[in-house]
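Undergrad: What follows is a predicted structure for the sequence shown.
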Amino acid sequence: MPLETAPAPLESRPRIGLNLFWRTFFMLALLLVGSTVAWLQTFRALEYEPRAILAAQQVASLVNLSRAALIHSDAIARVSLIKTLADQEALRILPREPGDRWDPFTQNDLDQRISDELARRLGPGTVVASRVNGTDGLWVGFLIERDSYWLQVDRSRVSPLGSKTWMIWLVVAAALSLTGAAIIARLINQPLKQLSFAASRVRGGDFDASHLDEKVATSEIREVNIGFNRMAEQLAKIEQDRAVMLAGISHDLRTPLARLRLETEMSVADEEAKRNMAADIDQLDAIIDKFLEYARPGLAALTAVSLAEVVEACAYPFRHADDIIVRTDVHPQLRVMADEVELARVLSNLLENARRYGKSPQTGVAVVEIAARQREDWVLIKVRDHGIGVSPEALDKLTKPFFRGDAARTAATGAGLGLSIVDKTVQRMGGSFALANSSSGGLAAHIKLQAAK
């Protein structure tokens, strides 16, 4: 029998989104990296003006000093001076010829600003070039009396910081920003993660494992932890009081029920009336058992259980019944994490429910199919009958305590707790339970339990 896909909430559907840690981390990282990039761009923009003025001032000073030195030196000393400047200061002074080929010094905004500042400081007729006769550098054309000269300066003196330098600074700043964002996100996320874990334990009935630290440094988190611990303590006390109350009710009711049974057997002469009264007493006793079973607190002790063996043990009492046929499709090696007794009670309850309410209208026999398949870390179990199903409006309410569906599935006079007990028992074993009308007719119960490793 093919195993149909269980409906929500049984199947874990993919969810698009991030948890709180990653969302906080990405938001902080985006903020810090964006701020760093904006700061670097602002710094670069603000660097142009003072750097251009300083570079132009230095080059203008070199031109003026070279001009003054050449003016006040004789021809022999001038040659020696030009050679000394070239060897020691990397300054070349060459005659400027009318046929020289040169390119303007305007490759970027910084170059343009330096050219304008040099023209302002050195006066009209100043030429600033990036290449003269095929030779790169910072070339400044100036006049000494009526003669024209070129002064070549090393380009690195006025070059801005290279893109590699900016990239190194950006990578370092981004790494520090991301590290800080991760630390901040963890500090924010850790208390909430602990609170989420404690809330899940309280939801599962494990009140002892839900205690939060009441001495944390943050006052807001400390107040939340204190309030949560007090709430968990109150819930544990309520749960304990309920168990004691139900145990007392059970004891107090069963004593007069036992006396009624004895008096019925001894005092009632009519056999049919005696049987009816005994049946009523048995029904009352079964209802009390249902109440106690539903109110059982705590989590189940989970062990690796052979699912095929449990299914076969539950199906065996129905093998020779005239009003139910049980078919199973469970792999012998399939194992689940469960309490064997609780799991057997769940399956037996579902089989009995199908026997009562899932009979085929044509044959009057309930055909029940039990199948199981493993999906990654989970085992999906389906128990399906071939009856008339239930109305869509009543489907979501069948697992609520004391609810009964339409008359077709409520012929018995129970307490309305059978499917509620199944749902709660499966949850105690760390799984989930859902009901759905089968597409080909009948009601299908879907159980999801952790697979044993």
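TA: All right, it came through fine. These numbers come from a predicted model, not from an experiment.
Undergrad: Do you know the pLDDT at His446?
TA: pLDDT, His446: 94.
Undergrad: helix/strand/coil for Gln374?
TA: strand (DSSP: H, G, I helix; E, B strand; the rest coil).
Undergrad: which residues touch the nearest residue to it once chain neighbours are set aside?
TA: Nearest residue to Gln374, sequence neighbours excluded (Cβ to Cβ, 6 or more residues apart in numbering): Ala451, at 5.4 Å. Heads up, the C-betas are built off the backbone N, CA and C, glycines and all. By Cβ atoms under 8 Å, 6 or more residues apart in numbering, the contact list for Ala451 reads 334-337, 374, 376-379.
Undergrad: looking at this protein, which helix or strand does the model trust least?
TA: Scoring the helices and strands of the chain by mean pLDDT, DSSP states H and E places helix 271-294 at the bottom, with a mean of 72.
Undergrad: So what would you say the end-to-end distance of stretch 204-221 is?
TA: End-to-end span of stretch 204-221 (Cα to Cα, to the nearest Å): 23 Å.
Undergrad: Tell me the buried residues in that stretch?
TA: Within stretch 204-221, the residues that count as buried by 16 or more other Cβ atoms under 10 Å are 204-207, 210, 212, 216, 221.
Undergrad: Could you give the separation of that stretch from the chain centroid?
TA: Centroid separation for stretch 204-221 versus its chain: 22 Å, with Cα atoms, centre = their mean, to the nearest Å.
Undergrad: and what of stretch 88-97?
TA: Centroid separation for stretch 88-97 versus its chain: 67 Å, with Cα atoms, centre = their mean.
Undergrad: And for it, what's in contact with it?
TA: Residues from elsewhere that reach stretch 88-97, judged by Cβ under 8 Å, 6+ apart: 62, 66, 70, 82, 85-86, 141, 147-154.
Undergrad: same thing with stretch 319-335?
TA: 1, 3, 304-308, 311-312, 315, 318, 351, 354-355, 359, 364-372, 374, 379, 451-452.
Undergrad: Now, of those residues, which are buried?
TA: Buried members of these, counted by 16+ other Cβ under 10 Å: 3, 305-308, 311-312, 315, 318, 351, 354-355, 359, 365-372, 379, 451-452.
Undergrad: Please flag which of these sit within strands.
TA: Cross-referencing these against strands under DSSP state E gives 305-306, 366-372, 379.
Undergrad: And the closest residue to Ala371 other than its chain neighbours, how far from Phe318?
TA: In this structure, Ala371 finds its nearest non-sequential neighbour in Asp329, 4.2 Å apart by Cβ to Cβ, 6+ apart. Separation of Asp329 from Phe318 (Cβ to Cβ, to the nearest Å) stands at 16 Å.
Undergrad: Kindly report the same for Asn353.
TA: Applying Cβ to Cβ, the value for Asn353 to Phe318 is 12 Å.
Undergrad: contacting residues around Val202?
TA: Counting by Cβ under 8 Å, 6+ apart, Val202 touches 210, 232, 235.
Undergrad: Check the offset of the helix or strand harbouring it from the chain's centre.
TA: Val202 belongs to helix 163-203 when assigned by DSSP states H and E. Relative to the chain's own centre, helix 163-203 is displaced by 14 Å; criterion: Cα atoms, centre = their mean.
Undergrad: Quick one: name whatever helix or strand follows it.
TA: Counting by DSSP H and E, the element after helix 163-203 in chain order, helix or strand, is helix 219-267.
Undergrad: How far away from the center of its chain is that next one?
TA: Averaging C-alpha positions (Cα atoms, centre = their mean) puts helix 219-267 38 Å from its chain's average.
Undergrad: Please apply the same query to stretch 301-318.
TA: Its chain's average C-alpha position is 35 Å from that of stretch 301-318, according to Cα atoms, centre = their mean.
Undergrad: Pro361 and Ile388 touch, don't they?
TA: Yes - the criterion here is Cβ atoms under 8 Å, and Pro361 meets it with Ile388 at 6.3 Å.
Undergrad: Val426 against Ile447, yeah?
TA: Yes - if you go by Cβ under 8 Å, Val426 and Ile447 touch, sitting 5.8 Å apart.
Undergrad: which residue ranges form the helices in the stretch 1-150 of the chain?
TA: Remark: helices assigned in the stretch 1-150 of the chain by DSSP state H, counting those that start in this stretch are 20-71, 75-88, 109-122.
Undergrad: now for these, which one comes closest to Asn437?
TA: Closest approach to Asn437 among the helices of the stretch 1-150 of the chain (Cβ to Cβ): helix 20-71, 37.7 Å.
Undergrad: helices or strands next to the closest one in the packing?
TA: In terms of contacts (3 or more Cβ pairs under 8 Å, 6 or more residues apart in numbering; DSSP states H and E), helix 20-71 is packed against helix 75-88, helix 109-122, strand 135-144, strand 147-153, helix 163-203.
Undergrad: now the angle between helix 75-88 and that helix, please.
TA: Counting by axes from the mean of the first three to the mean of the last three Cα atoms, to 10 degrees, helix 20-71 lies at 160 degrees to helix 75-88.
Undergrad: Let me see the mean pLDDT of helix 20-71.
TA: For helix 20-71, the per-residue pLDDT averages 76.
Undergrad: same deal with stretch 305-313?
TA: For stretch 305-313, the per-residue pLDDT averages 92.
Undergrad: wait, doesn't Gly141 sit right on Val127?
TA: Yes - Gly141 lies in contact with Val127 (Cβ under 8 Å); the separation is 3.5 Å.
Undergrad: overlap in contacts of the two?
TA: Residues touching both Gly141 and Val127 (Cβ under 8 Å, 6+ apart): Trp102.
Undergrad: and Tyr383, helix, strand or coil?
TA: Heads up, residue 383 is Val, not Tyr. For Val383, the assignment made with three-state DSSP gives strand.
Undergrad: Can you give me the distance of it to Gln374?
TA: Distance from Val383 to Gln374, by Cβ to Cβ: 17 Å.
Undergrad: Same check on Trp139?
TA: Going from Trp139 to Gln374 by Cβ to Cβ gives 80 Å.
Undergrad: picking up where we left off before, how about the residue nearest to Gln374: which residues does it bridge to?
TA: Val336 (DSSP bridges).
Undergrad: I'd like to know how far it sits from Lys424.
TA: Using Cβ to Cβ, we find Ala451 at a distance of 22 Å from Lys424.
Undergrad: now the helices and strands packed on helix 20-71 as TSV including mean pLDDT and distance to Glu265?
TA: Output for the helices and strands packed on helix 20-71, formatted as TSV (pLDDT from 0 to 100; distance: least, Cβ to Cβ, whole Å):
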stretch	mean pLDDT	distance to Glu265
helix 75-88	74	129
helix 109-122	78	110
strand 135-144	82	120
strand 147-153	81	123
helix 163-203	79	47
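Undergrad: so what pLDDT did Ala451 get?
TA: Model confidence at Ala451 (pLDDT) stands at 92.
Undergrad: follow-up on the earlier one: so which of the contacts of Ala451 wins on neighbours?
TA: Using other Cβ atoms under 10 Å as the neighbour criterion, Val336 leads the contacts of Ala451 with 26 neighbours.
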